[in-house]
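Structure here, sequence nowhere to be found:
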Ligand code: SF4
């Protein structure tokens, strides 16, 4: 089973460096990746929305499918990244478009590593 994460272009590898939180959560099967415990699920793609105002998530998913065709693989489930879910003012439109077009399960959320607070212990 192959997984993709759709993330926020403004955040991906900018303030969320290297997509490290999604990669770690997937390896540890934490957050919304817990469902893949005891499966052979693989994280195959971390792609962004195309930029504000959610310009091209669908086109980019279509392009990802074509890109993966060379290796004869596809995506079986798409996670809406925690970055997009928590911060995007256009998320409702993006999520409904992806759900309408993906043809595979769309799960809202990815890693669980949100800071509890800023200055507290
Ligand atoms: S549309 Fe949303 S997810 Fe995409 S870059 Fe802008 S704020 Fe981020």
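Arrived safely. Keep in mind it's a predicted model, so treat the numbers as computed, not measured.

which one's the longest helix in this protein?
helix 57-69 (DSSP state H).

who touches that helix?
Contact partners of helix 57-69, identified using Cβ atoms under 8 Å, 6 or more residues apart in numbering, comprise 4, 6, 44-45, 47-50, 74-75, 78, 94, 97-98, 101-102. No exception for glycine: its C-beta is placed from N, CA and C like everyone else's.

and it, which residues are buried?
Neighbour counts over helix 57-69 (16 or more other Cβ atoms under 10 Å) mark 57-58, 60-61, 64, 68 as buried.

On the three-state scheme, the residue nearest to residue 107 when sequence neighbours are not counted is what?
In this structure, residue 107 finds its nearest non-sequential neighbour in residue 79, 4.9 Å apart by Cβ to Cβ, 6 or more residues apart in numbering. In three-state terms, and counting by DSSP: H, G, I helix; E, B strand; the rest coil, residue 79 is strand.
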